[in-house]
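**Q** have a look at this prediction, sequence included:
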Amino acid sequence: MSTNIIQHNFKISREDHNRLNGHKSFVVWFTGLSGSGKSTIANNVEQKLFAKRIHTFSLDGDNIRRGLNADLGFSRKNREENLRRIAEVAKLSIESGKLVIASFISPLRKDREFLKKIIGEDDFVEIFINTPLRVCEERDVKGLYKKARAGEIKNFTGISAPYENPVNPNIEIKTEEESIKAATDRIIIYLTNKLETKNQ
Ligand SMILES: Nc1ncnc2c1ncn2[C@@H]1O[C@H](COP(=O)(O)OS(=O)(=O)O)[C@@H](OP(=O)(O)O)[C@H]1O
Ligand SMILES: Nc1ncnc2c1ncn2[C@@H]1O[C@H](COP(=O)(O)OP(=O)(O)O)[C@@H](O)[C@H]1O
């Protein structure tokens, strides 16, 4: 633990960044099984927001698990630390005025509660990409389910590690019933409303 850390208050605040950008900043968090559709929908949402001149920043496994969290695997402890660090990065990014789009399996309720605490409830939008395991496994976008079934990957979410559905997400997308476009449009309506009405 670091001691004797005295906070420096910078002259340019989050509110200043928000004013300059012309919009508020918060975190949009996508949770769901591997292959559920988190990255696909998050990417579509980001493109739409970008076209509306919203300053976005995407965090996902590719830019986090290969870099900052390259030392972490998929044990419970490592996932918890993975998500804690991501939440801290997301918090810094909202201070810099960004609308952060985070896509992580984030399988456990208690870890997601912890994230919410770090980021702040008011700055956290939870989107549950609800796709049944059967469908994710049929899609098997990266061939990982096949490997997990063959025992080649340990602690694989949905197969040999748990996924706990969110209890009360801000938005739930059932990808078996809702197209990518319809899901994207519904999320954009919600976010546009929050961008306009959220108190600073
Ligand atoms: N054991 C195991 N379980 C689940 N997923 C695995 C595993 N090993 C590797 N992968 C790949 O890593 C991606 C998930 O990383 P996350 O950082 O989102 O996971 S977590 O939130 O810490 O649980 C996940 O990416 P997505 O498919 O995009 O979800 C997988 O491709
Ligand atoms: N309604 C839908 N919403 C999201 N993805 C869908 C949908 N229908 C089919 N898919 C497909 O499912 C796959 C989801 O993969 P991906 O977005 O990488 O998932 P994740 O990021 O959750 O691992 C993509 O190939 C996507 O085209």
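**A** Yep, it's here. Residues are numbered from 1 along each chain as shown. Ligands and ions are numbered 1, 2, ... in the order given.
**Q** which secondary structure elements does the biggest helix by length in the chain contact?
**A** Using DSSP state H to assign secondary structure, the helix with the most residues in the chain is helix 76-95. Helix 76-95 sits against helix 14-21, strand 27-31, strand 56-60, strand 99-103, helix 109-119, with contacts defined as 3 or more Cβ pairs under 8 Å, 6 or more residues apart in numbering; DSSP states H and E. Bear in mind the C-beta positions are built from the backbone N, C-alpha and C, glycine included.
**Q** can you tell if stretch 64-73 touches ligand 2?
**A** No: if you take Cβ under 6 Å from any ligand atom as the test, stretch 64-73 misses ligand 2, and the best it gets is 12.6 Å.
**Q** anything in that stretch near ligand 1?
**A** Yes: legend: contact between stretch 64-73 and ligand 1 by Cβ under 6 Å from any ligand atom is shown at residue 65.
**Q** send me that stretch as CSV with only the CA atoms.
**A** The C-alpha trace of stretch 64-73 is given here as CSV (Å, rounded to 0.1, in the frame of the first residue of the first chain):
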residue,chain,number,x,y,z
ILE,A,64,-6.3,-4.6,-22.0
ARG,A,65,-5.4,-8.3,-21.7
ARG,A,66,-2.5,-8.0,-24.2
GLY,A,67,-1.1,-4.9,-22.4
LEU,A,68,-1.9,-3.6,-19.0
ASN,A,69,-3.3,-7.0,-17.8
ALA,A,70,-1.0,-9.3,-19.7
ASP,A,71,0.1,-10.8,-16.4
LEU,A,72,-3.4,-12.0,-15.6
GLY,A,73,-5.2,-15.2,-16.5
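**Q** which other residues reach the lowest-mean-pLDDT helix or strand in the chain?
**A** Least confident element among the helices and strands of the chain, by mean pLDDT, DSSP states H and E: helix 61-63 (a mean of 83). Contacts with helix 61-63, where a contact means Cβ atoms under 8 Å, 6 or more residues apart in numbering, come from 103-104.
**Q** now stretch 146-164
**A** Surrounding stretch 146-164, the residues in contact under the criterion Cβ under 8 Å, 6+ apart are 33-34, 73-75, 105, 107-109, 133, 136-137, 140, 144-145.
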